[in-house]
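Trainee: have a look at this prediction, sequence included:
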Amino acid sequence: MRGRAATWPEWGRTARRRAASWPDGLSDFSRTAGEQVARWARAEVAPGRLMPWLPVAFGFGIALYFSAEREPAWWAAVVLALASTVTALLCRQRPIAFVLALGVAAAAIGFSTATVKSVLVSHPILRTTVMSVSITGFVEQQEERDRTDRIVVRVQTIDGDRLDIKPERVRVSVRKGMAPDVGAFVSMKARLNPPLARLRPGSYDFARDLYFQGIGAIGFATGAITVEAPPAPSGLWLRYASVIAGIRDAVDRRIRASAAGDNGSIASALITGRRDAITTPVNDAMYISSLAHVLSISGYHMAVVAGVVFFVVRAGLALIPGFALRHPIKKWAAIAALFATTFYLLLSGAEVATQRSFYMTAIVLLGVLVDRATLTFRTLAVSALAVLLLAPEAVVHPSFQMSFAATLALIAGYQHGLPGLKAKADGSIAARIAHWGVREIASLLFASLLAGLATTPYAAFHFHRLAPYGVIANLLAMPIVSAWVMPAGMLALVAMPFGFDAPLWHLMGLGLDWMIMVAMWVASLPGSVGRIAAFGTGTLLVCTAGLLITCLLRTPLRWAGVALILASCVMIALTPKPDILIGGDGEAVAVRGPDGTLAIKKIGSDPFAVREWLAGDADARLATDTTLADGFACDPAGCVAKLPNRSLVAIAQTAEAFADDCRRAALIIALRQPPADCAAFVLTRPSWREGGALALYRRPQGFEIVAARPAGLDRPWALAPAAAGERRSKPIGAPTLPDATPRPEDFEDDD
């Protein structure tokens with residue numbers, strides 16, 4: 001690729017030829033502009049400048065896999081990857097063709113990687129709810145939650161009435177404090193459900209996430225959990241997981257014994273990665289104040305661990321007289337830091353953000369060992385490729401998106417530096433200290449602003465909220481976390497085997513008390529919760545393209561990325577809201593009333609879908625709000641609500657309701673079989689049972705129906721209805737309009 005710039009076509013000549021027939025003023029301008037753009041373009045494709053775009057193309061190929069309507073054939077994907085790779089190799093002497101072929105090859109390899117990963121993790125998925133199931137198996141994971149605990153069981157035997165599919169792994173909620181240890185062999189009774197489908201078109205796909213985790217059913221234990229002697233050895237991997245879980249449990253217990261409450265839970269999250277025990281008010285305050293990134297072990301934590309270990313080891317060795325002159329203590333310190341970060345990775349649970357930061361940190365430390373400087377964008381690119389090769393499904397997860405977006409923005413920002421804040425070598429000691437303090441505060445402000453802006457689109461897309469005061473919260477809390485909390489936690493971890501860790505955990509908790517206080521104060525400020533309505537994947541892709549262009553390009557061409565980001569903001573503002581929402585189980589219906597807000601009628605008791613609907617509508621009301629159904633008028637036969645145009649939407653719960661509803665309503669949501677001559681547009685149970693959650697939009701010609709599971713969708717985590725004995729039904733009384741493909745979305749809370 002190094003000969004590419006010298007042979008790149010002279011775009012300026014073409015521009016001059018095209019401008020020859022223009023008026024003199026326009027001709028000169030077009031010629032000058034064309035030559036300038038050509039120079040910028042040649043600079044952007046100079047040797048080494050296209051390396052960061054390889055993981056972008058790779059991730060785009062993975063995204064194409066997830067957008068397919070039906071599961072691709074793995075052999076076709078592999079053949080495509082091989083063919084595109086060979087084509088790229090054959091085009092090495094053609095600069096333009098080589099760049100394009102290389103991008104296509106990277107996308108094809110990403111597509112095939114995701115396809116092959118899907119085949120490797122393939123497993124049975126429960127299709128219907130089963131009430132009483134007997135399960136035996138090994139506990140592979142254990143999670144502590146705010147109200148309950150959860151375990152993942154690798155099934156040894158499973159038996160129950162109507163259980164025609166036997167999942168290999170199940171996730172079960174258990175009573176608080178009753179979760180067995182990782183590695184234990186248990187037997188229990190449980191109620192199992194299929195993995196939760198999308199709660200509305202475009203929302204988080206729980207089933208897809210669980211599929212790649214190898215989990216085929218979810219549910220809850222209905223009786224006592226018995227720990228028994230295993231009938232067979234558990235296996236090497238489970239023994240390793242048991243050892244790591246035992247270490248994490250021991251550390252967690254020591255932390256909780258010295259720092260109780262939320263500061264102990266947060267301290268455990270920073271050290272062991274277990275953040276599920278944090279109470280809901282504090283957890284919400286951390287998200288509202290934009291301090292939630294502290295809870296997810298990522299680049300910041302890994303950099304602090306590596307930096308502190310590197311500094312302490314190198315400084316300690318330098319204190320030995322003559323030792324530093326005879327030995328490469330810098331490399332020894334890098335080795336010590338590499339071991340420390342590896343242990344931290346294993347101890348914290350190795351989530352996606354932690355993997356990414358570990359790969360980046362390891363590359364930097366390896367660069368120290370071989371006496372080579374590491375290029376930051378290349379470091380990020382290599383770490384992204386490593387994560388996506390091992391876990392291609394991470395590309396649609398908010399942790400991956402937000403982590404890489406923040407890191408990309410920080411690298412790009414610091415390449416341009418902080419103008420006017422360079423270190424001064426002259427002046428008094430007080431002046432130098434003051435300048436250092438100003439520079440550090442400005443750096444923190446700069447980093448918080450960059451990371452906050454870069455992650456805003458993804459927070460808005462996945463969580464439907466913004467953090468207007470995030471910079472203030474980070475400016476107040478992060479210096480304490482960096483200089484007090486993390487060093488105290490690391491010292492406590494080192495002192496724990498010797499029994500001197502309790503005072504250090506307590507000291508760490510005092511620093512966390514300050515961070516919690518900042519989070520709660522910022523969350524209480526007026527307008528602290530910025531809400532934004534749900535928007536589509538296409539809008540997010542446009543914004544992502546703008547972010548990539550702005551950060552990765554170095555010439556003024558990067559301003560084209562700003563234009564794309566602004567265009568995505570316009571697209572967000574123009575995104576229509578649904579007029580009617582129907583839950584996938586038919587137990588909740590929402591109708592947008594004349595005042596523009598949703599009136600929600602809950603037939604069942606599960607508030608989770610309602611909570612997602614309100615968040616996606618930028619509605620501040622809670623799912624437990626008793627006024628949600630005020631827009632409905634109900635009687636024993638059913639309910640009616642008004643749309644903005646004053647037409648009626650009816651919920652027919654009895655056969656008697658159709659007499660009036662078929663005559664007066666524009667739309668009927670029928671829980672009973674309607675009469676064949678009903679004049680209204682009718683949706684029956686098969687509509688949402690087969691299509692999942694539905695969103696309806698009023699159009700001049702009728703209602704447009706968007707299904708969470710469109711007709712024709714058949715993926716391993718969203719199987720099409722079985723052909724035998726099942727027929728797709730159409731709503732009675734009006735033609736069904738084309739379903740729109742749901743846009744993938746995700747968020748972390750999957751209670």
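Mentor: Here it is on my side, so go on.

Trainee: parallel or antiparallel, which strands does the top strand by length along the chain pair with?
Mentor: For the chain, the strand with the greatest residue count under DSSP state E is strand 130-144. Using DSSP bridges, the strands paired with strand 130-144 are strand 149-160 (antiparallel), strand 185-193 (antiparallel).

Trainee: could you measure residue 486 against residue 227, distance?
Mentor: To residue 227, residue 486 is 37 Å away according to Cβ to Cβ, to the nearest Å. (Each C-beta comes from the backbone N, C-alpha and C, glycine too.)

Trainee: those two: which has the busier surroundings?
Mentor: The neighbour comparison of residue 486 against residue 227 (other Cβ atoms under 10 Å) goes to residue 486, with 23 against 13.

Trainee: in terms of residue numbering, what are the domains of the protein?
Mentor: Domain ranges of the chain: 5-120, 130-234, 537-573, 580-707, per automatic domain parsing.

Trainee: coming back round to it: chain center to the longest strand of the chain: distance?
Mentor: 26 Å (Cα atoms, centre = their mean, to the nearest Å).

Trainee: how about it as PDB, C-alpha atoms only?
Mentor: Presented in PDB, the C-alpha positions along strand 130-144 are these (Å, rounded to 0.1, in the frame of the first residue of the first chain):
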ATOM      1  CA  VAL A 130     -43.700 -24.500  30.100                       C
ATOM      2  CA  MET A 131     -45.100 -24.300  33.700                       C
ATOM      3  CA  SER A 132     -43.300 -27.000  35.700                       C
ATOM      4  CA  VAL A 133     -39.900 -28.200  34.500                       C
ATOM      5  CA  SER A 134     -37.400 -30.400  36.400                       C
ATOM      6  CA  ILE A 135     -33.800 -29.300  35.700                       C
ATOM      7  CA  THR A 136     -30.500 -30.600  36.700                       C
ATOM      8  CA  GLY A 137     -27.100 -29.100  35.600                       C
ATOM      9  CA  PHE A 138     -24.000 -27.100  36.500                       C
ATOM     10  CA  VAL A 139     -24.200 -23.400  37.500                       C
ATOM     11  CA  GLU A 140     -22.100 -21.500  35.000                       C
ATOM     12  CA  GLN A 141     -22.800 -17.900  36.000                       C
ATOM     13  CA  GLN A 142     -24.200 -16.100  39.000                       C
ATOM     14  CA  GLU A 143     -25.500 -12.600  39.100                       C
ATOM     15  CA  GLU A 144     -26.600 -10.500  42.100                       C
END
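
Trainee: just put the domains of the chain in TSV and tack on distance to residue 257.
Mentor: As requested, these are exported to TSV (distance: least, Cβ to Cβ, whole Å):
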stretch	distance to residue 257
domain 5-120	41
domain 130-234	15
domain 537-573	44
domain 580-707	34
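
Trainee: how about these, which one is nearest residue 384?
Mentor: domain 5-120 (3.9 Å; Cβ to Cβ).

Trainee: coming back round to it: mind checking which of the strands paired with strand 130-144 is nearest residue 232?
Mentor: Counting by Cβ to Cβ, residue 232 lies closest to strand 149-160 out of the strands paired with strand 130-144; the figure is 7.8 Å.

Trainee: show residues contacting that closest one.
Mentor: 130-143, 166-180, 185-186, 192, 213, 215, 231-232, 238 (Cβ atoms under 8 Å, 6 or more residues apart in numbering).

Trainee: quick one, strands of the stretch 201-350 of the chain?
Mentor: With strands called from DSSP state E, counting those that start in this stretch, the stretch 201-350 of the chain shows them at 217-221, 226-228.

Trainee: contacts for the first one, please.
Mentor: Which is strand 217-221. Looking at what lies outside strand 217-221 - Cβ under 8 Å, 6+ apart - the contacts are 125-126, 133, 148, 167, 170-175, 178, 188-196, 210.

Trainee: from those residues, which would you call buried?
Mentor: 125-126, 133, 148, 167, 170-174, 188, 190-192, 194-196, 210 (16 or more other Cβ atoms under 10 Å).

Trainee: strands along the stretch 601-750 of the chain, start to end?
Mentor: With DSSP E, counting those that start in this stretch as the criterion, the stretch 601-750 of the chain has strands spanning 632-635, 638-642, 648-652, 667-670, 681-683, 694-699, 702-707.

Trainee: can you redo these as TSV with distance to residue 455, mean neighbour count and mean pLDDT?
Mentor: Putting the strands of the stretch 601-750 of the chain into TSV (distance: least, Cβ to Cβ, whole Å; neighbours: other Cβ atoms under 10 Å; pLDDT from 0 to 100) gives the following:
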stretch	distance to residue 455	mean neighbour count	mean pLDDT
strand 632-635	38	14	89
strand 638-642	37	22	90
strand 648-652	38	25	90
strand 667-670	38	27	90
strand 681-683	38	24	89
strand 694-699	27	20	92
strand 702-707	28	21	89
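
Trainee: who wins for proximity to residue 594 among those?
Mentor: strand 638-642 (6.0 Å).

Trainee: what packs against that closest one?
Mentor: strand 598-602, strand 632-635, strand 648-652 (3 or more Cβ pairs under 8 Å, 6 or more residues apart in numbering; DSSP states H and E).

Trainee: just checking: what are the partner strands of the first one?
Mentor: Meaning strand 598-602. By DSSP bridges, strand 598-602 pairs with strand 588-592 (antiparallel).

Trainee: count of residues packed around the nearest residue to residue 408 once chain neighbours are set aside?
Mentor: Residue nearest to residue 408 in three dimensions, not counting chain neighbours: residue 551, with 5.0 Å by Cβ to Cβ, 6 or more residues apart in numbering. When neighbours are counted by other Cβ under 10 Å, residue 551 registers 24.

Trainee: what helix or strand is residue 551 on?
Mentor: Using DSSP states H and E, the secondary-structure element containing residue 551 is helix 537-552.

Trainee: what residues sit buried inside that helix?
Mentor: Going by 16+ other Cβ under 10 Å, helix 537-552 has these buried residues: 537, 539-540, 542-552.

Trainee: quick one: residue 178 from residue 238, how far?
Mentor: 21 Å.

Trainee: for whichever helix or strand comes after the helix holding residue 551, give me every contacting residue.
Mentor: Later in the chain than helix 537-552, the nearest helix or strand by DSSP H and E is helix 559-574. With contacts defined as Cβ under 8 Å, 6+ apart, helix 559-574 is touched by 457, 460, 532, 535, 538-540, 542-543, 545-551, 553.

Trainee: make it 10 Å
Mentor: Here helix 559-574 makes contact (Cβ atoms under 10 Å, 6 or more residues apart in numbering) with 453, 457, 460-461, 532-536, 538-553.

Trainee: just the buried residues from the contacts of strand 149-160, in PyMOL please.
Mentor: Those of these that count as buried under 16+ other Cβ under 10 Å are selected in PyMOL with:
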select buried, resi 130+133+135+136+137+138+139+140+141+142+143+166+167+168+169+170+171+172+173+174+179+180+185+186+192+213+215+238
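
Trainee: shouldn't residue 645 be in contact with residue 666?
Mentor: Yes - with contact defined as Cβ atoms under 10 Å, residue 645 counts as touching residue 666 (8.6 Å).

Trainee: which neighbours do those two have in common?
Mentor: By Cβ under 10 Å, 6+ apart, the residues touching both residue 645 and residue 666 are residue 698.

Trainee: on that earlier part again, Serialize the strands of the stretch 201-350 of the chain to JSON lines and add fields for distance to residue 491 and mean pLDDT.
Mentor: Formatted as JSON lines, these follow (distance: least, Cβ to Cβ, whole Å; pLDDT from 0 to 100):
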{"stretch": "strand 217-221", "distance to residue 491": "40", "mean pLDDT": "92"}
{"stretch": "strand 226-228", "distance to residue 491": "36", "mean pLDDT": "90"}
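
Trainee: in JSON lines: those strands, plus distance to residue 566.
Mentor: Putting these into JSON lines (distance: least, Cβ to Cβ, whole Å) gives the following:
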{"stretch": "strand 217-221", "distance to residue 566": "41"}
{"stretch": "strand 226-228", "distance to residue 566": "59"}
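
Trainee: the nearest residue to residue 487 once chain neighbours are set aside - how many residues pack around it?
Mentor: Leaving aside its chain neighbours, residue 487 sits nearest to residue 308 (6.1 Å; criterion: Cβ to Cβ, 6+ apart). Residues within reach of residue 308, counting by other Cβ under 10 Å, total 16.
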